[in-house]
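1. with the sequence up front, the predicted model follows.
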Amino acid sequence: MSENNEKCACGCNGHDEREDKVLEVIKECKYDKSQLMHILNETQNIYGYIPMSAQKIISKELGISMAEIYGVITFYSRFSLEPKGKYNIAVCLGTACYVKGSQSVLDKVKEILGIDVGQVTEDGKFSLEATRCIGACGLAPVMTINEEVYGKLDPSMVKDILAKYE
Ligand code: FES
């Protein structure tokens, strides 16, 4: 069985059209290795993350090693190796946020949602990640929920913030 014929991760048990879209993007980029960032961006948009199956396609079609692709994905925080929830919560653990207590904010989110960093709640609503500095140190400690930024947090504020998304 070829790698591209692996069963769809979404559980549909059939052909995964998202793989066709990735192949289409690669074709549009004329199989040009220098377009790797663009292709990964598009793949992230197609799946909401960059699964192993897509990494294999990109590796094969562009002739780039899996290690190199993995290195690029893990270097840039906008790329994710894991599926994300409808609302992705990112708590900053950069230095400014950390010294102002972001670890306790993160612990509170974990406690309320019952998930760890890198996990998604069972209903698919929330995912949680810890990030490096997002450039909003003046608001430390900071967390984002999708595009929304919440600053000057303390753990007692987390419950009410999450309740807005319930
Ligand atoms: S350290 Fe958190 S925003 Fe800069």
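-> Okay, I see it.
2. and stretch 131-149, average pLDDT?
-> Stretch 131-149 carries an average pLDDT of 95.
3. what comes into contact with that stretch?
-> Residues outside stretch 131-149 that contact it (C-beta atoms under 8 Å, 6 or more residues apart in numbering) are 77, 87-102, 105-106, 109, 150-154, 161, 165. Quick note: C-beta positions are derived from backbone N, CA and C, even for glycine.
4. again, 6 Å this time
-> For stretch 131-149, contacts defined as C-beta atoms under 6 Å, 6 or more residues apart in numbering pick out 77, 87, 89-92, 94, 96-97, 100-102, 105, 150-153.
5. stretch 18-26 now?
-> The contact list for stretch 18-26, computed with C-beta under 6 Å, 6+ apart, reads I39, E42, T43, I46, Y47, A54, I57, E61.
6. try 7 Å
-> Under the contact criterion C-beta atoms under 7 Å, 6 or more residues apart in numbering, stretch 18-26 has outside partners N4, I39, E42, T43, I46, Y47, S53, A54, I57, I58, E61, L62.
7. just those: which are in helices?
-> In helices, defined here by DSSP state H, the members of the contacts of stretch 18-26 are I39, E42, T43, I46, Y47, S53, A54, I57, I58, E61, L62.
8. so what's the one residue in the chain that gets nearest to the ligand closest to, chain neighbours aside?
-> Proximity of the chain to the ligand (C-beta to the nearest ligand atom) peaks at G94, 2.6 Å away. Spatial nearest neighbour of G94, chain neighbours left out: C133 (3.2 Å); criterion: C-beta to C-beta, 6 or more residues apart in numbering.
9. ok, the residue nearest to the spatial centre of the chain to T95 distance?
-> For the chain, S80 is the residue whose C-alpha lies nearest the centre (C-alpha atoms, centre = their mean; 3.2 Å). Distance, S80 to T95, using C-beta to C-beta, to the nearest Å: 23 Å.
10. now swap in R132 and tell me
-> Distance, R132 to T95, using C-beta to C-beta: 9 Å.
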